[in-house]
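J.: Generate coordinates for the sequence data below:
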Amino acid sequence: MNYNWQHKNWPNFKYDSSVIDDIVLEFALETGEVKGLIDGLPLEFQQETIIQFMIDEAIKTSEIEGEYHSRQDIMSSIKLRLGLHKNIFQIKDQSAKGISELMVEIRENYASTLSETLIKQWHDILFKTARFINSGSYRQGIEPMVIISGRYGKEIIHFEAPASINLPSEMSQFVEWYNSYKVTPQDIKDILIKTAITHLYFESIHPFEDGNGRIGRALAEKCLSESMKRPIILSLSTVIDQDKQAYYDALKQAQKGLEITSWIHYFSSTILKAQKQAKTIIRFTLKKSKLLGQIRDQINERQLKVLNKMLDYGIEGFKGGMTAKKYIALTKTSKATATRDLQDLVEKRALFSIGSGRNVHYELNLEMF
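T.: Numbers count the residues shown, from 1 in each chain. The predicted model follows:
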């Protein structure tokens, strides 16, 4: 089988841009609406919302690769990197720090000129605590880099990347292509096309021994933000993770040749879905802002701490709801005080209870705000 990089015209991709005409119009409306929603938030909640998107992206881009980090470790790592952690939470999973710091790096320096050095720095950030990965360096050796699935002896080869000896020239050509593809914030179609090709092109070179997927999705986010000339508010990996097989199938098909119309449509659709999903998260933050603004002066420090803890988990919610036992653990108070505090939050309509007796637990009552 021939792969895209083996074609004589590589990397001259061909596609019919008209397949995303409808997506272009919709994305332009959605991204404008999301920016308006963000700008309408109090500054404190603007920052909190942006952090939630970084948390979601860090968690999901890792999960796509089969790595799972606790939300608490990711959140603590990001806030620590931003200098926002007053009481430093013990980060148990040190590998969570790498992906968290990469998210902050990409967001803060989205306008930096892309270079091989920058991409290698990202890889070093991602794997600086990994013992068996040569962080910040392209893969080496004569063995081919292949993407496979299936059990030993019955492996299926999905893709073979360029030989390691060719990586310097391939990556130099990739960076030159990226920097020469000029777009403006008004060129929504070109922005979507450039972003889709950026991810596919990088994944096809597959320059690192590990982390190519995470770096490739980070490049897509950088491309969107740099092209729009502002940090984009969405989480691509959250949408991709909802149907990983569709992502892998689309990538595999696109890597068979240089005609990539289907890939352009798939990845542009993914960006649009991510932008739409962003509205849901921002609206959650608006409700959070209203809840805390209305109730902050009516509750004690214990109750505020617990509400903030529950709200930190975003639209996915606090797993299992809040219970008296969890309340006691979080606030170091007595059972009687925990029960009284929780009941008071129900009466103030910040929480609602589910179940009874020993099985009672409490959920946020955000629909009231």
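
J.: From Asp297, how far out is the nearest residue to Ala324 once chain neighbours are set aside?
T.: Computed as C-beta to C-beta, 6 or more residues apart in numbering, the closest residue to Ala324 that is not its neighbour in sequence is Ala338, at 4.6 Å. Using the backbone N, CA and C atoms, a C-beta is placed for each residue, glycine as well. To Asp297, Ala338 is 21 Å away according to C-beta to C-beta, to the nearest Å.

J.: which parts of the helix or strand harbouring Asp341 are buried?
T.: Using DSSP states H and E, the element containing Asp341 is helix 335-347. Neighbour counts over helix 335-347 (16 or more other C-beta atoms under 10 Å) mark Ala338, Asp341, Leu342, Leu345 as buried.

J.: mind listing what the last one touches?
T.: The contact partners of Leu345, taken as C-beta atoms under 8 Å, 6 or more residues apart in numbering, are Ile299, Gln303, Leu307, Leu351, Tyr362.

J.: between the residues you listed, which is nearest Glu101?
T.: Taking C-beta to C-beta as the measure, Leu307 is the one of the contacts of Leu345 closest to Glu101, at 28.5 Å.

J.: ok, that closest one - contacts?
T.: Leu291, Leu292, Ile295, Ile299, Leu345, Ala350, Leu364.

J.: Just the C-alphas of whichever strand or helix holds Ile191, formatted as CSV.
T.: Counting by DSSP H and E, the element that carries Ile191 is helix 188-205. Extracted in CSV, the C-alpha atoms of helix 188-205 (Å, rounded to 0.1, in the frame of the first residue of the first chain):
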residue,chain,number,x,y,z
ILE,A,188,-13.0,31.3,7.9
LYS,A,189,-12.9,28.7,5.1
ASP,A,190,-9.1,29.0,4.8
ILE,A,191,-8.7,28.8,8.6
LEU,A,192,-10.7,25.6,8.8
ILE,A,193,-8.8,24.1,5.8
LYS,A,194,-5.4,25.1,7.2
THR,A,195,-6.2,23.6,10.6
ALA,A,196,-7.5,20.3,9.1
ILE,A,197,-4.4,19.9,6.9
THR,A,198,-2.0,20.9,9.8
HIS,A,199,-3.3,18.1,11.9
LEU,A,200,-3.3,15.5,9.1
TYR,A,201,0.1,16.6,7.7
PHE,A,202,1.8,16.4,11.2
GLU,A,203,0.2,13.1,12.0
SER,A,204,1.4,11.7,8.7
ILE,A,205,5.0,12.6,9.5
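
J.: Which secondary structure elements does that helix sit against?
T.: When contacts are defined as 3 or more C-beta pairs under 8 Å, 6 or more residues apart in numbering; DSSP states H and E, helix 188-205 packs onto helix 21-39, helix 167-180, helix 212-228, helix 244-254, helix 261-295.

J.: Between helix 244-254 and the longest one, find me the angle.
T.: Relative orientation of helix 261-295 and helix 244-254, computed by axes from the mean of the first three to the mean of the last three C-alpha atoms, to 10 degrees: 150 degrees.

J.: ditto for the first one
T.: Comparing the axes of helix 21-39 and helix 244-254 via the same axes, to 10 degrees yields an angle of 130 degrees.
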